[in-house]
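1. Give me coordinates for this.
(chains A and B)
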Number of protein chains: 2
Amino acid sequence: MLPPLRAGVAGLGTVGASVLRLLERQRRTLELRTGRAIVVTGVSARSRGRDRGIDLSNAEWHDDPVALARSSDIDLFIELIGGADGPALDSTKVALEAGKSVVTANKAMLAHHGLALAKIAEAKGVGLRFEASVAGGIPIVKTLREGLVGNSIERVYGILNGTCNYIHSRMEAEKISFADCLSAAQKLGYAEADPTFDIGGFDTAHKLAILTSLAFGTAVDAEAVAVEGIESITLDDLQAADDLGYRIKLLGVAKRTPSGIEQRVHPTMVRKSSAIAQIMGVTNAVVVNADAVREMTLAGPGAGGDATASAVVADIADIAKGDRTPGFGLPVASLAPLERAPLQAHQGGYYIRLSLHDRPGAAAAVAMRMAESQISLESIIQRSQPGANADAPVPVTFITHATHEDALRHAVDAVVADGHIAAKPQVIRIERE
Amino acid sequence: MLPPLRAGVAGLGTVGASVLRLLERQRRTLELRTGRAIVVTGVSARSRGRDRGIDLSNAEWHDDPVALARSSDIDLFIELIGGADGPALDSTKVALEAGKSVVTANKAMLAHHGLALAKIAEAKGVGLRFEASVAGGIPIVKTLREGLVGNSIERVYGILNGTCNYIHSRMEAEKISFADCLSAAQKLGYAEADPTFDIGGFDTAHKLAILTSLAFGTAVDAEAVAVEGIESITLDDLQAADDLGYRIKLLGVAKRTPSGIEQRVHPTMVRKSSAIAQIMGVTNAVVVNADAVREMTLAGPGAGGDATASAVVADIADIAKGDRTPGFGLPVASLAPLERAPLQAHQGGYYIRLSLHDRPGAAAAVAMRMAESQISLESIIQRSQPGANADAPVPVTFITHATHEDALRHAVDAVVADGHIAAKPQVIRIERE
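-> Purely as a prediction, here's the structure:
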């Protein structure tokens, strides 16, 4: 029997409290499964007095997480503070430098400093694990790092932000506007008071940058993610998508292409019959396409205290067993620099919704601009608008066959310049399963 | 850098050949990821002359897998022969006894001898891994053993046999009979010449017994699985299910209940809106319900050379890294004996299809028998049969609310004894998501 693993937990919010509860609830089985006891010997949080419903009497309290990270009473530092920099980064660095393994749920920190941290962990011969940083309770990090090592991965994509998926699911189901839905999500605690980070796609981008590294063996490069949020998606878009056999989801997509690796986060049209289109509400899902397994889908809770804590505890157990597989699967020196595929080189289908002035030649002019850019159309939908003003603009929706992003943008710019449209065109990329 | 891991591969069928190809194709990345080279130094198969399209010139040929298992030139024995006993079991035992780790895809051997083999592996301090034995390329073994260790698992269920799911999917889509569909599946190579093992549910039962052990920390007990095959499911059942908002899937279900652990394999009604109902064709899927993650779904290829080889290679990589986590997650002595919940104690909803004689009082008599057994009904469907003979029996379909298996069987027996029905009743259990 190995000596107990002494863990220090920094951050006692929802996730931190859940981690302590799970460690206690699963104490005996974790001991049997890892061959050693796991004991929380130290904790750190902002407010010492707050009642968290957990017994902290056996753990030493540290006001400063850095002091906990440095403490000689811990072997493992569990960082649940959050934030890309500040105390989370400082304490994580100190813990690694002091030769302690680290488990973290902090996607922002990993997206920006993951490589630097992995380098320290490697030099010190300790573990750095972050299952909880992507897709909550879904073991996608382990699956990519260990379960699919026999594969060359072609694409990984998914619904990685529950807030956005909740908003789209509810807009679609209840036919309510983005603004109404967002405030409902805020009331339910599914969206933050400042929702920019979620709905702007930045949270998804951080998670995608981590998945990209694991999938392709490349250095994490969050700066190379092209990001668009869901603010511009209206109920009209969701209804037009439905009409055409699609749903709109905020996806993070990382793909190997001839011009490099594409990393994109944007509202995306997915076929209603696809696995990813079935994912509703706050659930997350990740799809992996690879040469040997072809297609693999993992779906589960993307957030929540217990689900996230489940991932944290799995990492703790791996560390307890002495597993020192590099966090990103490969030694840092073996991670290839990410060769970024320019978004202009993206190839795929597009949804375009135009508000056309109802005058002779308008539709023909649009069709001609598409043809000039060698874009062929899969479908065009223009419905009569019962009760609409006779000279009101007419909504027309196009679905294109696969084309190049730059050709598409060129055509749309030309359409705008022609002056036939009454509002900014809506363009949404289509992702095929 | 560790010395190379020397592997011996026994069985060079579809999966064996794929394993050799993947090891070659991923040679460099596996070396980086595991910190050592993986070299196939020995092979064994029945026919030496057969052209498998792979270069075997660097591996020593053994006609006898036992000789390969014993060879001092290998550190790891990869068993891909198949069959619960015979050469697969003999060679696996010899390899473990000789202190070599074993990776196998052999569900039948594990279901029947898994515990005995794990015991030898443990005594010798070597690894025994079997990701490929359940659900092909889906990393469900690793997920249960490592990814969800923070959870207490309540239920694990899934579509674990591609042949059966292919048959049901195609019967439903093309409105063809079971017999026609089976012979089509045989022509396509999706079903064996003797399909009993697949369609009788035995293949699913082996896989379920392995999942049960991993999920609940119990000793593998394949004898304790209640098994029913899909032979009796007709197109009428599939259509009645569709009518009622359900699909029929052959599921393996393992569940913690107050009277012990239920292990059941049978055709099952699942709500059309559930994740499992979306799984069509030869795809497999596993759903895990647990206290922390609530619900997790993994879907992917359940068979095929490359998908199965992907799982084998993941196990090889873990062994190469020195991971010696027990195969079933716990030391053998810590696996609890499986307390079998009797099927009569099962609680759930049921679908019952009766062929009622069209005479006064028949339906009332059935309803009374249900009421006597305290069974309440969710729905009853009896449709007019245009063109049917006036005194032909009438098909009536019932969906019950949750009840006890013994109460249900008692009621159905009473209905049969009353003499109002013209054919054997069809009873199918419902599984709620």
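
2. three-state assignment of A:D358?
-> Under DSSP: H, G, I helix; E, B strand; the rest coil, A:D358 falls in the coil class.

3. what helix or strand is A:R353 on?
-> Assigned by DSSP states H and E, A:R353 falls within strand A:347-356.

4. And for A:D203?
-> Secondary-structure element containing A:D203, defined by DSSP H and E: helix A:202-216.

5. Mind listing the strands the helix or strand just after that helix pairs with, and their directions?
-> Using DSSP H and E, the helix or strand that follows helix A:202-216 in sequence is strand A:226-227. The strands that strand A:226-227 pairs with in its sheet are strand A:260-271 (parallel) (by DSSP bridges).

6. and the partner strand, average pLDDT?
-> The predicted model assigns strand A:260-271 a mean pLDDT of 98.

7. Now do that strand against helix A:202-216, angle only.
-> Between the axes of strand A:260-271 and helix A:202-216, defined by axes from the mean of the first three to the mean of the last three C-alpha atoms, to 10 degrees, the angle is 120 degrees.

8. Give the pairing partners of the helix or strand following strand A:260-271; include direction for each.
-> The helix or strand immediately downstream of strand A:260-271 is strand A:283-290, counting by DSSP H and E. If you go by DSSP bridges, strand A:283-290 pairs up with strand A:153-159 (antiparallel), strand A:294-301 (antiparallel).

9. Next up, the contacts around A:T397.
-> With contact taken as C-beta atoms under 8 Å, 6 or more residues apart in numbering or on different chains, A:T397 is in contact with A:240, A:243-244, A:351-354, A:380-382. Every residue, glycine included, has its C-beta placed from N, CA and C.

10. Which member of the residues you listed is positioned nearest chain B?
-> Taking C-beta to the nearest C-beta as the measure, A:L244 is the one of these closest to chain B, at 20.3 Å.

11. Show the contacting residues for that closest one.
-> By C-beta under 8 Å, 6+ apart, the residues touching A:L244 are A:269, A:351, A:379, A:381, A:397, A:399.

12. how does it look with 10 Å?
-> For A:L244, the contact set (C-beta atoms under 10 Å, 6 or more residues apart in numbering or on different chains) comprises A:269, A:271-272, A:351, A:378-379, A:381, A:397-399, A:430.

13. Next up, phi/psi of it, please.
-> The phi and psi values for A:L244, taken as degrees, to the nearest 10, are phi -90, psi 0.

14. any idea how far it lies from A:Q347?
-> 20 Å (C-beta to C-beta, to the nearest Å).

15. Of the contacts of A:T397 - the most surrounded one?
-> Of all those, the highest neighbour tally under other C-beta atoms under 10 Å in any protein chain shown goes to A:L354, namely 26 neighbours.

16. Any idea what that residue is bridged to?
-> Beta-bridge partners of A:L354, counted by DSSP bridges, are A:V396.

17. Dump the strands paired with strand A:283-290 to JSON lines, plus mean neighbour count and mean pLDDT.
-> Compiled in JSON lines, those are given as follows (neighbours: other C-beta atoms under 10 Å in any protein chain shown; pLDDT from 0 to 100):
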{"stretch": "strand A:153-159", "mean neighbour count": "23", "mean pLDDT": "98"}
{"stretch": "strand A:294-301", "mean neighbour count": "24", "mean pLDDT": "97"}
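
18. Output the ones you listed as TSV; include the columns distance to A:P386.
-> Output for these, formatted as TSV (distance: least, C-beta to C-beta, whole Å):
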stretch	distance to A:P386
strand A:153-159	35
strand A:294-301	40
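
19. May I have the phi/psi pair for the nearest residue to A:R353 once chain neighbours are set aside?
-> Distances taken as C-beta to C-beta, 6 or more residues apart in numbering or on different chains put A:Q426 closest to A:R353, at 4.2 Å, once the chain neighbours are dropped. Main-chain dihedrals, A:Q426, degrees, to the nearest 10: phi -100, psi 120.

20. And for A:Q426, the neighbour number?
-> A:Q426: 20 neighbours (other C-beta under 10 Å).

21. looking at the strands paired with strand A:283-290, which is closest to B:R27?
-> strand A:153-159 (16.5 Å; C-beta to C-beta).

22. Going along the chain from that closest one, find the next helix or strand for me.
-> Moving toward the C-terminus from strand A:153-159, the next helix or strand (DSSP H and E) is helix A:162-174.

23. Same question for the next helix-or-strand element following that next one: list its buried residues.
-> For helix A:162-174, the succeeding helix or strand toward the C-terminus, using DSSP H and E, is helix A:178-187. If you call a residue buried by 16 or more other C-beta atoms under 10 Å in any protein chain shown, then helix A:178-187 has these buried ones: A:178, A:181-182, A:184-185.

24. residue boundaries of the helices in chain A?
-> A:14-25, A:27-34, A:65-70, A:86-97, A:107-124, A:140-142, A:162-174, A:178-187, A:196-199, A:202-216, A:235-243, A:305-320, A:362-372, A:405-418 (DSSP state H).

25. want to throw those helices into a markdown table with distance to chain B and mean pLDDT?
-> Listed next are the helices of chain A as a markdown table, based on distance: least, C-beta to the nearest C-beta, whole Å; pLDDT from 0 to 100:
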| stretch | distance to chain B | mean pLDDT |
| --- | --- | --- |
| helix A:14-25 | 5 | 96 |
| helix A:27-34 | 5 | 96 |
| helix A:65-70 | 22 | 98 |
| helix A:86-97 | 20 | 98 |
| helix A:107-124 | 12 | 98 |
| helix A:140-142 | 5 | 98 |
| helix A:162-174 | 13 | 95 |
| helix A:178-187 | 20 | 92 |
| helix A:196-199 | 21 | 95 |
| helix A:202-216 | 10 | 98 |
| helix A:235-243 | 17 | 93 |
| helix A:305-320 | 3 | 98 |
| helix A:362-372 | 35 | 91 |
| helix A:405-418 | 30 | 96 |
